[in-house]
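Engineer: Test case, fold it:
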Amino acid sequence: MDRASEGLRFEGSPTIPADFDPSARGPLDRPTAIALIRRADELMEAGEPEHALALYGRTLGASDRDVSAAALYGMGNALYRLDREADALAAWEQVTALPETPATYRAWRQVAAARVRAKDIQARSTPTASANGAPPPPTRR
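Structural biologist: Numbering: from 1, shown residues only. Take a look at the predicted model:
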């Protein structure tokens, strides 16, 4: 999966402040939010979606729509990796409900893929006509 921070513009290199408390609540400034999303992306790449999910979640509600959309997109990716596909789909759909952001197209792609997987899973759960490999009976639509 791609990085949630892809497309977020910021001059310079935003960093997480040394005194940052991830358990604190309240709004974040844009540079700190972007730094957290980038750090969450690194955690995803390191195979730590549960830790990434916490950082993406901390940036939700930012006043910047692009940052909020990136956070939701990242949350969807982390939830998917944690085998919580229904929650992932809900997060990606929230991105698509926002006005256009750098994450919108990628979220639509994930929504489409999740819908295809859901149909595929349903088709695979249909019992076959016989054990010798005959195709399953046709389904009615």
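Engineer: mind checking which helix or strand of this structure has the lowest mean pLDDT?
Structural biologist: helix 104-124 (a mean of 82; mean pLDDT, DSSP states H and E).
Engineer: buried ones in that one?
Structural biologist: Across helix 104-124, burial judged by 16 or more other C-beta atoms under 10 Å covers 104, 106, 107, 110, 111, 114. (C-beta placed from N, C-alpha, C; glycine too.)
Engineer: Now for the fourth one: which residues touch it?
Structural biologist: The neighbours of residue 110, taking C-beta atoms under 8 Å, 6 or more residues apart in numbering as the test, are 73, 76, 77, 80, 88, 89, 92.
Engineer: again, only using 10 Å
Structural biologist: Counting by C-beta atoms under 10 Å, 6 or more residues apart in numbering, residue 110 touches 1-2, 73, 76-77, 80, 88-89, 91-93, 95-96, 103.
Engineer: Helices of this protein, start to end?
Structural biologist: Using DSSP state H, the helices assigned to the chain run over residues 30-45, 49-58, 65-81, 85-97, 104-124.
Engineer: Make CSV out of those and add distance to residue 15.
Structural biologist: Shown next, in CSV, are those (distance: least, C-beta to C-beta, whole Å):
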stretch, distance to residue 15
helix 30-45, 5
helix 49-58, 14
helix 65-81, 16
helix 85-97, 25
helix 104-124, 25
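Engineer: Quickly, which of those helices bottoms out on average pLDDT?
Structural biologist: Between the helices of the chain, the lowest average pLDDT goes to helix 104-124, which shows a mean of 82.
Engineer: chain center to it, what's the gap?
Structural biologist: Offset of helix 104-124 from its chain centre (C-alpha atoms, centre = their mean, to the nearest Å): 13 Å.
Engineer: I'd like to check the angle between it and helix 65-81, please.
Structural biologist: On the basis of axes from the mean of the first three to the mean of the last three C-alpha atoms, to 10 degrees, helix 104-124 is oriented at 20 degrees to helix 65-81.
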